[in-house]
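> Curious how this folds, go ahead:
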Amino acid sequence: MHLDHTHDGPAAVSADATRPDGTRRALRIGLGGPVGTGKTATVAALCRELRDRLSIAVVTNDIYTREDADFLLNNAVLPPERIQAVETGACPHTAIRDDISANLEAVEDLEDAVGPLDLILVESGGDNLTATFSKGLVDAQIFVIDVAGGDDIPRKGGPGVTTADLLVINKTDLAPYVGSDLEQMALDAKKQRGDLPVAFTSLTSAEGVGPVADWVRAQLAAWTA
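You can find the predicted model right below:
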C-alpha cells in the first residue's frame, strides 16, 4: 500500500547560502519529533543511502548525553569526524529554536573541519508536537512520528506536524499490532498539512528510508541549482 503524497517543489531555500569565504555552504536539514519515533534510525538510514554520492555530516542533540551520536558512531554510518554531539542541558527545542548558538557552532565547525559538505543533518533530542527549528539553523525540517504513538497523532496537529517541510510517519510495520489505521492517518495528515508532503516509512522494509531520501535529494537539487 503506497500512502505517500509528495510534491516535487522543494522547501523554501534560505537566502544565506554562502559561507564567509564566499563558497556555497551545505544544505541543512533538521529532524525533530517525539522520543522513540525513530529519528536517529532515520538519520542512520539516510547516511547509508546517501553517503556514496554526497558529502554528509550530522549534528545530534541530547540533554545530558551523547547517546544518539554514539549510536551513529557504533553503527559506522559516517566517519567519526563527521558526527558532532551537542549536549543541550535543557529542553531540546531550546537548542534548535530559541538559542541555536551551540548547534550553529557545531554545524560551522563541521564545515571547517571536513568540508566542503553537501548536506548536514541536525537531529533534535526527543521533543513534543510543538518542536520546530529556527530558520537561522536549518533550511528545511523533517518531523518524525510513528504509528505506535497512536493513529490520532496527525489529527492532534501541533506545529511539528502541521508546518514541517516533510512529515514522516514511521514504523508502519507495527500498525497491525498496535491497531493503527494507516489510511486514516493519511487522511488526517492531509487535512492538517494541505499540500505539504507526507512519507510513510518502515526502516525494516526493503524500501526503507527511500521516500525520505528522495525528498532530501529534491531539496539538494534545488539548493545547488
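
> Work out the gap between whichever strand or helix holds residue 192 and the centre of the chain.
Secondary structure assignment for residue 192, by DSSP states H and E: helix 182-193. Relative to the centre of its chain, helix 182-193 is centred 20 Å away, using Cα atoms, centre = their mean, to the nearest Å.

> Which helix or strand lies directly C-terminal to the helix or strand of the chain with the lowest mean pLDDT?
In the chain, no helix or strand scores lower on mean pLDDT, DSSP states H and E than helix 92-93, which sits at a mean of 71. Next along the chain after helix 92-93, taking DSSP H and E as the criterion, comes helix 101-114.

> Each with direction, which strands does the helix or strand just after that following helix pair with?
Proceeding N to C from helix 101-114, the next assigned helix or strand is strand 119-123, under DSSP H and E. As defined by DSSP bridges, the strand partners of strand 119-123 come to strand 27-32 (parallel), strand 56-62 (parallel).

> contacts for the shortest one?
This points to strand 27-32. Residues from elsewhere that reach strand 27-32 (Cβ atoms under 8 Å, 6 or more residues apart in numbering): 39, 42-43, 92-93, 96, 107, 118-124, 127, 131-133, 137-144, 160, 164, 216, 219-220, 223. All C-beta atoms are positioned from the backbone trio N, CA, C, and that covers glycine.

> same thing with the longest one?
Residues external to strand 56-62 that are found in contact with it (Cβ under 8 Å, 6+ apart): 26, 40, 43, 47, 50, 66, 68-69, 72, 77-78, 82-88, 92, 95-96, 103, 106-107, 110-111, 114, 117-125.

> pLDDT averaged over the following helix or strand past it - what is it?
Following strand 56-62 in sequence order, the next helix or strand is helix 67-74 (DSSP H and E). Average pLDDT, helix 67-74: 87.
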